[in-house]
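Asker: Quick one, what's the 3D model for this:
(one chain, ligands or ions: 3)
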Amino acid sequence: MADSSRGRTGRYHGMVLPSAEIAAFTSTGLLAWFALACVLASATAVALYRRLSRRLHSRLDAAHSQLVELRARDSLTGLISGPEFEVALDEAVLACDKGVAPLALLYIGLDDFRTLNDGYGHRVGDAVLVEAARRLRQGVQGGSAVSRLGGNEFAVLLRTDRAHSGAAAVALLETLQQPYAVQELELQLTASVGIAVYPDHGSRPRLLGHAVLAMRAVKLAGGGAVAHYDPALGVDMREQAQMLQDLRLALERGEFHLYYQPKVDAHSLQVTAAEALLRWEHPQRGVVSPAVFVPLAERHGLIAAIGSWVIDEACRQAAQWRDHGLRMRVAINISGHQLRQDDLVEQILGALQRHGLPPARFTCEITESVAMEDTRHTRAAFARLQRAGLHISIDDFGTGQSSLASLQRLPAAELKIDRAFVTPLVDNPGAAAIVRAIVQMAHALGLRVVAEGVETETQRDALVSLGCDELQGYLFAKPMSATALALWADRDGEDLARPMFRPSLFEATAPCR
Ligand code: C2E
Ligand code: MG
Ligand code: MG
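Answerer: Ligands and ions are numbered 1, 2, ... in the order given. Predicted coordinates:
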């Protein structure tokens, strides 16, 4: 077959070329074009690749720095994370070593946070944490670092020396203890603060641990306070742990007793009621005050069992007194934890029924700060107590921040003025003015007023003239065992200045509303 290209002629850029040459030229040209295209394509591809890779890199860089940022921050509160805090601590220690700035490490735990989380749910808990973090950040000056190191625990680095660290910690504590407005709730909480100052309270590796130890000691003592690290704390902590072990066994070992302190009518001096005050007779420590072990029992979930023992024992004793002709109202103290128990009222009613006592002769003393919490739980608990016909008394009045409106809402029958206003009554005209105002307000709301901690006759006379209805204190009787109270009452009438038991007085303290 003849080559079809042979014998052909053609023009190329004005030149006449034979067809074979044309063919050779064309294929060479094509090759060249192809090569050029390849070069161009690969150059474009390289440029494209470079551009893409640059873009990818910058995206990766951004993602990486975002990741670093995320790792450096606590996602809930936005505070710096644990590793970042360690870095800040290293820098602060170095600065302190060089004499640039002093250093105090604060470890802060919100008290009873679990109860808040369980009671109101995690959303409310989270909102409180976010707000607490904001307050801490706002409360510290430049050069300080704030971090959340545990669920409800924060660490703060302050460029402060030992002398000023306590005041700085108290200022932060006060900020944290302001009410929290979350989802139409007003929540009040306390916090525990441990302080370790560098280098007095420990070297770099021990500093955080020592601040934590100080914080735990504050918590064990009831919280809501500040403490510096003390080398003895390690020992104290062991002691506290031992005390907790003993407290767990105290009920079954029968180490609890109730003491009773009478309340007397301010005018007739007749005994109106006996307040049950819990005592723990520890085999080695002797009598332990409820101010020491009640907060411990609350913190470790033991108060429900102890509280129900108190309810039953007080009812049993009231029935026994009644059977012996000593008739008086019996009061018990109810802690905030107990008030949140769903079955509290049922427990009280069950005990009253078992011992054949009417609810109106049983008083529940609830401290002002707990009574004013005004949470869903406290409102429901007060409503149940009122429906059950129990007598409610607001204890330690004057120490909290009650408003007239919140006081009016409470179904209380009695208000006990705190000893803090009774003790300075004679020397301090301000205290007298406060007592007068409390009495007037309480009477306007139909509440009977009891003054507690009355120790002298001058105080008694002042309280009577200020209009108090009932008095309680060492002047009349110290808290005593049930047997001692019966003996004390037996001498009824011997001395006219001494309080007397009169059955009719039951009605005088019946609920007013
Ligand atoms: P509270 O209910 O306000 O009791 C009054 C405290 O003041 C009692 O201390 C009492 O012994 C003391 N006191 C009474 N009169 C005077 C006085 O004239 N001068 C002085 N200086 N003190 C006086 P106590 O027994 O150590 O109780 C302390 C607190 O422990 C009570 O304060 C109460 O809040 C709590 N508490 C006591 N028993 C129980 C209980 O069974 N359950 C609960 N949850 N708390 C309890
Ligand atoms: Mg009381
Ligand atoms: Mg009191």
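
Asker: which residues sit in contact with the most centrally placed residue in the chain?
Answerer: Relative to the mean C-alpha position of the chain, the nearest C-alpha, by Cα atoms, centre = their mean, is the one of Asp111, at 3.2 Å. Residues in contact with Asp111 (Cβ atoms under 8 Å, 6 or more residues apart in numbering) are 189-192, 219, 223-224. The C-beta positions use only the backbone N, C-alpha and C, and glycine is treated the same way.

Asker: Test for you: state the pLDDT assigned to it.
Answerer: On pLDDT, Asp111 comes in at 93.

Asker: circling back: which one of the contacts of Asp111 is nearest Arg460?
Answerer: Gly224 (32.6 Å; Cβ to Cβ).

Asker: per-residue pLDDT, the nearest residue to that closest one once chain neighbours are set aside?
Answerer: Spatial nearest neighbour of Gly224, chain neighbours left out: Thr190 (3.5 Å); criterion: Cβ to Cβ, 6 or more residues apart in numbering. Listed pLDDT for Thr190 reads 93.

Asker: Please export the C-alpha coordinates of stretch 214-230 as PDB.
Answerer: Extracted in PDB, the C-alpha atoms of stretch 214-230 (Å, rounded to 0.1, in the frame of the first residue of the first chain):
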ATOM      1  CA  ALA A 214      -5.800  23.400 103.800                       C
ATOM      2  CA  MET A 215      -9.000  23.600 101.700                       C
ATOM      3  CA  ARG A 216     -10.100  20.100 102.800                       C
ATOM      4  CA  ALA A 217      -9.500  21.000 106.500                       C
ATOM      5  CA  VAL A 218     -11.800  24.000 106.000                       C
ATOM      6  CA  LYS A 219     -14.400  21.800 104.500                       C
ATOM      7  CA  LEU A 220     -14.200  19.200 107.300                       C
ATOM      8  CA  ALA A 221     -14.700  22.000 109.800                       C
ATOM      9  CA  GLY A 222     -18.000  23.000 108.100                       C
ATOM     10  CA  GLY A 223     -16.800  25.100 105.100                       C
ATOM     11  CA  GLY A 224     -17.500  28.800 104.300                       C
ATOM     12  CA  ALA A 225     -14.000  29.900 105.600                       C
ATOM     13  CA  VAL A 226     -10.400  30.500 104.700                       C
ATOM     14  CA  ALA A 227      -7.300  28.700 106.100                       C
ATOM     15  CA  HIS A 228      -3.600  28.900 105.500                       C
ATOM     16  CA  TYR A 229      -1.700  25.600 105.200                       C
ATOM     17  CA  ASP A 230      -0.300  24.400 108.600                       C
END
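
Asker: contacts for that stretch?
Answerer: 107-109, 111-112, 153, 162, 165-166, 169-170, 173, 177, 190-197, 201-202, 210-211, 213, 233, 236-237, 240, 295-296, 299.

Asker: Please see if it touches ligand 1.
Answerer: No. Stretch 214-230 lies out of reach of ligand 1 by Cβ under 6 Å from any ligand atom, never closer than 11.0 Å.

Asker: Tally up the residues packed near the residue nearest to Gly224, please.
Answerer: Applying other Cβ atoms under 10 Å, we find 18 residues neighbouring Thr190.

Asker: Just want the residue of the stretch 101-250 of the chain that's nearest ligand 1.
Answerer: Residue of the stretch 101-250 of the chain nearest ligand 1, by Cβ to the nearest ligand atom: Gly222 (11.0 Å).

Asker: measure the residue nearest to the centre of the chain to Ala291 for me?
Answerer: As judged by Cβ to Cβ, to the nearest Å, Asp111 and Ala291 stand 16 Å apart.

Asker: any idea how far Leu220 is from Glu298?
Answerer: Counting by Cβ to Cβ - Glu298 and Leu220 are separated by 11 Å.

Asker: interface residues of the chain facing ligand 2?
Answerer: 333, 365, 395 (Cβ under 5 Å from the ion).

Asker: for those residues, which one is nearest ligand 1?
Answerer: Closest to ligand 1, out of all of the residues of the chain next to ligand 2 and judged by Cβ to the nearest ligand atom, is Asn333, at 3.7 Å.

Asker: my guess is that closest one contacts Tyr259, does it?
Answerer: No. With contact defined as Cβ atoms under 8 Å, Asn333 does not count as touching Tyr259 (11.8 Å).

Asker: list the residues that contact both of those two?
Answerer: Contacts common to Asn333 and Tyr259, judged by Cβ under 8 Å, 6+ apart, are 276-278.

Asker: from those, which is closest to ligand 3?
Answerer: Ligand 3 lies nearest to Leu277 out of the shared contacts of Asn333 and Tyr259, by Cβ to the ion, at 9.8 Å.

Asker: and the helix or strand hosting the closest one, anywhere near ligand 3?
Answerer: Taking DSSP states H and E as the criterion, Leu277 maps to strand 270-282. No. Under the criterion of Cβ under 5 Å from the ion, strand 270-282 makes no contact with ligand 3; the nearest approach is 8.6 Å.

Asker: In that strand, which residues are buried?
Answerer: Using 16 or more other Cβ atoms under 10 Å as the test for burial, strand 270-282 gives 270-280, 282.
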